[in-house]
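Asker: what's the 3D shape of this:
(chains A, B, C and D)
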4 protein chains.
Amino acid sequence: MSASLTYNSYGKSKVRLTKVVRTGAVHTLFEIDAAVQLEGDFAAAYTAGDNRQVVATDTIKNTVYVVGKENSFDSIEQFAVLLCRHFLKTYPQVSGAKVELTQSNWHRIAVDGKPHDHSFVGGGPQKRICVSKLDRHHFERNLDPDLDGGITGLLVLKTTESGWADFHSDRYRTLKDTTDRILASQVDAVWHYNTANPDGSAAYDAITNAALKAFATTYSKGAQQTIMDMGNAALAACSEVSSIDFELPNLHRIPFNLEPFGLKFENDIYVATDEPHGLIRGTVTRS
Amino acid sequence: MSASLTYNSYGKSKVRLTKVVRTGAVHTLFEIDAAVQLEGDFAAAYTAGDNRQVVATDTIKNTVYVVGKENSFDSIEQFAVLLCRHFLKTYPQVSGAKVELTQSNWHRIAVDGKPHDHSFVGGGPQKRICVSKLDRHHFERNLDPDLDGGITGLLVLKTTESGWADFHSDRYRTLKDTTDRILASQVDAVWHYNTANPDGSAAYDAITNAALKAFATTYSKGAQQTIMDMGNAALAACSEVSSIDFELPNLHRIPFNLEPFGLKFENDIYVATDEPHGLIRGTVTRS
Amino acid sequence: MSASLTYNSYGKSKVRLTKVVRTGAVHTLFEIDAAVQLEGDFAAAYTAGDNRQVVATDTIKNTVYVVGKENSFDSIEQFAVLLCRHFLKTYPQVSGAKVELTQSNWHRIAVDGKPHDHSFVGGGPQKRICVSKLDRHHFERNLDPDLDGGITGLLVLKTTESGWADFHSDRYRTLKDTTDRILASQVDAVWHYNTANPDGSAAYDAITNAALKAFATTYSKGAQQTIMDMGNAALAACSEVSSIDFELPNLHRIPFNLEPFGLKFENDIYVATDEPHGLIRGTVTRS
Amino acid sequence: MSASLTYNSYGKSKVRLTKVVRTGAVHTLFEIDAAVQLEGDFAAAYTAGDNRQVVATDTIKNTVYVVGKENSFDSIEQFAVLLCRHFLKTYPQVSGAKVELTQSNWHRIAVDGKPHDHSFVGGGPQKRICVSKLDRHHFERNLDPDLDGGITGLLVLKTTESGWADFHSDRYRTLKDTTDRILASQVDAVWHYNTANPDGSAAYDAITNAALKAFATTYSKGAQQTIMDMGNAALAACSEVSSIDFELPNLHRIPFNLEPFGLKFENDIYVATDEPHGLIRGTVTRS
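Answerer: Numbering: from 1, shown residues only, chains lettered A, B, ... in the order given. Reported below is the predicted structural model:
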């Protein structure tokens, strides 16, 4: 039998950096979970155990902390681009770098209504993410890396103004039409920037708020339509974004059957479930 | 060999109720995860497979939904007490009931600065909990159930005004004194009510805010001292509470060793970790 | 307002030790997750930030590794007892120590049917645990620590020879009797040793096998009866154990309703669920 | 602003089927977690809330159970192919179907050394997976679906015969060479079948055993080389597979620094960690 290595990449995941920027009494906090993957001239490590070209994953980890120390950045987008460029610049054997960052959701504690200088409390379960990719072709020509921003795990629920009706019927259908149901989801959205130097924090806030407003204020004929509504609102809210992908699990709230107890369901008592769940995907792109 | 049943209890866990209370256009949302455990005259089911006295866990589950339908409540504390009393009242074979409720953390979506009537977004990872326990002795005499409130998973971090110094030294110590470190935790607190009819929501808000303020504004000589500070603040903030237990994991942020790279640690670059973690416990009781 | 500290303890959790014992070519592997909690004369740290008596949790962590290095042990039970005694012996300010150990489930890889000398593969999701507790009163008098062994997360399922019938009926019951259902659980069992120097590995194997055999071969009228059957079998199998606690979630497999599709349920097609789940507890004690 | 829908798909995830096949006294158990995604003529649901073409995700869920009832299958591979073909055959508006199945790892309980007829115990944490994809083009021409098998979460560890040396050095490197370290991982492998009707169970067993043997018996100069060794062994062991992807997290066991305690590290006392971890990927393809 004969076989060969037809793909390889490697890197370090779950590199957890806490960076504190002290501007006088006011401290800014970044907590970032980094994953780096490198492609390049590393086949000999697989085929011959020859590691001479390989930048150890421990070295990659050190690099995240050192680059974090030696550079200022205002957003994870900036840091991801810095890291991508670093790996291409430092290692000729690297043909491509992918850096994925997840930022923990810390807010300043409000003390007597005023945001505290150096104390923080965890925000919602949602986290801000970004992904930067850069290959040698782009790097050598001074072209921009590919850059995405995003939000993961944004929990939303509306108790009314949502239905699911007039869908396909056949032998396998048992679900009835409804024009008043609960719609709940844990939204993941990834947007593509049309620049490698966006105002990432402004984009994150504008897109999150636009999507939440669309979710809240628009009647939903289905998670599909809600994706379109949120996507249109997101693109309208942020000119630095060219497209946005949504992935919406439909976390069903099922009417509890009250009949056996002589009671009537009045859109009030539901069974909350996580599984099974619908999973609806869509990409909305600026024309 | 001879052996006997020396303890037994049973019940249903992870009963997930969504209740919507529609007061005109404004909807109130309760999402509750319930666990019920019953003690009583159930030994025959263990020793002889005689289930006649056993209220099926499926029946317990139905009960959570039906009691949720047939009763109004403003807080999980009220609902827990209602459920405890229901089980004692309905089933003479039950000698004790324990009801633990966990409430999901939903906030109204702010649309143009105004809380929305029926649309919600997930709040911080922290959840509100309560535990009610009632035995037949108390029930028959019309005495109150035992009632605790609490918060679980409250993430906090301060970037300064925290130290750890002058602690015990011996052969096993390697950690150096510091007067400026990051203190991070995921606080669990459980408070004991001195009434079975507290204003649970007011207690939750007052205690959470008092603990956060104490955490933010008081220099910490250790997680131990911070527990005492938060406990004193919590008891001062809520007269319906007689004691409070804290459990603080110390989620270490470890200075990254920058020396090998010719750089200097300036309280700026840390490794975030979850394990191993200190675990500090204390109970503060009103005198 | 006046308040005081009425309870305190502290320690280190998630201390993860890998110990390799090299006996010639054959290596023995221990992977242990340790949690240590100490009680004692530590109130000043809470009330005054006076840490002089406090053994840092970092020191506790070091101790786990150093005691692991300096001592031989054949079982986590031995190691837990060693650690308890160490803390009482070394620190007069400690009035009690609790050590909880969880052992990862590694098996030797079978190569051509023969267990390999130094390569391992993960076994079932179940883990072996133990808990040792020792207070100063017992330590000073050279009395034994309290010692429990256990297993956590043992997944079991039987496709028949299980029923649930003749249980209590009332308004809240909707479940029908059945004499042929699937019984599935993720068993937690904790047994109490009648010695501080048991053969822990023999106990673990004997009890696990006895419980599995009882589960497999005995008709179950309910999880309650199965607990009693498994408990009797466990006590008969291991004379070093005086009692055993079981906690059985009832992980329901619900018959899928095939009627709408013109098909018949023949104990063949089920919906697997984790929540809600029954939770059945019982302790069986040697007389 | 103008925007359009540029991608869409939807389906149901976490559909959990338990199927019992009763062949006389001997029962065969399948526990399968299914995820189905459909592509096709569904844009109107997004852009206009017109759901008439949409097969509800609830209907998809029903289908998994009904197809599971009406068909015999010996492996998840067969069931995945059946489901793909069903969706293409039944719904002309579907242009492509992707079915991902994960099978829980149940083994027969050994009672007195003999596998039991109808009672099962959970095996290792690893699970068997498969993915089938079929589009209308292939379906109409009676061409085979694309079919992958795999294993996820296979825990492995070797205490010696593993090193990491002679890798790239620069300013960011701090790790020293070693020729004797622990190598631990939680292997994910996905293999591509060269047939749509493989003996999936034989493939799973042969590939798993071959990979484990290669891991155990071959000196590892790095996770990269180990991937190549396991890949070559897997392809040699199963002729129905044309390529195999590996993803190996390097779950570091870090030598515990015993020097401060006057002790010597002898490849015996390690700190077990999950994060950060290396992540090494490679695909080995039959030539």
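Asker: what ranges do the strands span in the stretch 151-287 of chain A?
Answerer: For the stretch 151-287 of chain A, the strands defined by DSSP state E, counting those that start in this stretch occupy A:183-193, A:241-250, A:253-255, A:269-272, A:277-286.
Asker: For burial, what's the neighbour tally of the closest residue to A:Val121 other than its chain neighbours?
Answerer: In space, and not counting its chain neighbours, A:Val121 is closest to A:Ile109: 5.0 Å by CB to CB, 6 or more residues apart in numbering or on different chains. For every residue, glycine as well, the C-beta is placed using N, CA and C. For A:Ile109, the neighbour count with other CB atoms under 10 Å in any protein chain shown is 22.
Asker: May I ask you to confirm that A:Ile109 is in contact with A:Phe120?
Answerer: Yes: using CB atoms under 8 Å, A:Ile109 is in contact with A:Phe120, at 6.3 Å.
Asker: Can you pull the residues that touch both of those two?
Answerer: Taking CB atoms under 8 Å, 6 or more residues apart in numbering or on different chains as the criterion, A:Ile109 and A:Phe120 both touch B:Val156.
Asker: burial of A:Asp170, as a residue count?
Answerer: Counted with other CB under 10 Å, the neighbours of A:Asp170 add up to 10.
Asker: what about it, distance to D:Lys158?
Answerer: Noted for A:Asp170: a distance of 54 Å to D:Lys158, by CB to CB, to the nearest Å.
Asker: next one: A:Val187
Answerer: 42 Å.
Asker: max-length helix in chain A?
Answerer: helix A:200-217 (DSSP state H).
Asker: same question for it, mean pLDDT?
Answerer: The average pLDDT for helix A:200-217 rounds to 98.
Asker: about what we covered before: the one helix or strand the residue nearest to A:Val121 maps to to helix B:200-217, inter-axis angle?
Answerer: A:Ile109 belongs to strand A:106-111 when assigned by DSSP states H and E. Strand A:106-111 and helix B:200-217 meet at an angle of 100 degrees, taking axes from the mean of the first three to the mean of the last three CA atoms, to 10 degrees as the criterion.
Asker: what angle sits between strand A:106-111 and strand B:183-193?
Answerer: Here the directions of strand A:106-111 and strand B:183-193 differ by 50 degrees (the same axes, to 10 degrees).
Asker: Okay, now the sheet partners of whatever helix or strand comes next after strand A:106-111, with direction.
Answerer: Where DSSP H and E defines the elements, the next helix or strand beyond strand A:106-111 is strand A:114-122. Each strand paired with strand A:114-122, and its direction, by DSSP bridges: strand A:106-111 (antiparallel), strand B:146-158 (antiparallel).
Asker: closest to D:Thr57 out of the strands of the stretch 151-287 of chain A?
Answerer: Shortest distance between D:Thr57 and the strands of the stretch 151-287 of chain A, using CB to CB, is found for strand A:277-286: 3.6 Å.
Asker: Walk me through which strands the closest one pairs with, and which way each runs.
Answerer: Partners of strand A:277-286, by DSSP bridges, with direction: strand A:241-250 (antiparallel), strand D:3-23 (antiparallel).
Asker: Put together CSV for the ones you listed, with mean pLDDT on each row.
Answerer: Formatted as CSV, the strands paired with strand A:277-286 follow (pLDDT from 0 to 100):
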stretch, mean pLDDT
strand A:241-250, 98
strand D:3-23, 97
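Asker: Could you say which of these is packed most deeply?
Answerer: Stretch with highest mean neighbour count among the strands paired with strand A:277-286: strand A:241-250 (a mean of 22; mean count of other CB atoms under 10 Å in any protein chain shown).
Asker: Close to chain C: what parts of chain A are there?
Answerer: Residues of chain A that fall close to chain C, judged by CB under 8 Å from any CB of the partner chain: A:Arg171, A:Tyr172, A:Thr174, A:Pro260, A:Phe261.
Asker: Ranking by neighbours, what's the top pick from the residues you listed?
Answerer: With neighbours taken as other CB under 10 Å, the top of these is A:Tyr172, carrying 23 neighbours.
Asker: Could I get the pLDDT score of that one?
Answerer: For A:Tyr172, the predicted pLDDT is 98.
Asker: so it sits right up against D:Lys61, yeah?
Answerer: No: if you go by CB under 8 Å, A:Tyr172 and D:Lys61 don't touch, sitting 9.1 Å apart.
Asker: What's the separation between A:Ala80 and chain C?
Answerer: 30 Å (CB to the nearest CB, to the nearest Å).
Asker: er, A:Ala3 I mean
Answerer: Remark: distance between A:Ala3 and chain C (CB to the nearest CB) = 22 Å.
Asker: Is it correct that that residue is in contact with D:Ser287?
Answerer: Yes: contact criterion CB under 8 Å: A:Ala3 and D:Ser287 qualify, at 5.9 Å.
Asker: is A:Asp245 in a bridge, and if so with what?
Answerer: For A:Asp245, the beta-bridge partners are A:Val190, A:Thr283 (DSSP bridges).
Asker: mind listing what A:Thr63 touches?
Answerer: Applying CB under 8 Å, 6+ apart to A:Thr63 gives the contacts A:Val36, A:Leu83, A:His86, A:Phe87, D:Tyr172.
Asker: just to revisit the earlier point, contacts for the longest helix of chain A?
Answerer: Residues from elsewhere that reach helix A:200-217, judged by CB under 8 Å, 6+ apart: A:74-78, A:126, A:128, A:130, A:149, A:151, A:154, A:156, A:158, A:187, A:189, A:191, A:193, A:226, A:229-230, A:232-234, A:236-238, A:240-241, A:244, B:109, B:111-112, B:116, B:118-119, B:121.
Asker: Buried only: go through those residues for me.
Answerer: Using 16 or more other CB atoms under 10 Å in any protein chain shown as the burial test, the contacts of helix A:200-217 include A:75-78, A:126, A:128, A:130, A:149, A:151, A:154, A:156, A:158, A:187, A:189, A:191, A:193, A:226, A:229-230, A:232-234, A:237-238, A:240-241, A:244, B:109, B:111, B:116, B:118-119, B:121 as buried.
Asker: And the helices in the stretch 51-200 of chain A?
Answerer: A:57-70, A:76-90, A:136-140, A:200-217 (DSSP state H, counting those that start in this stretch).
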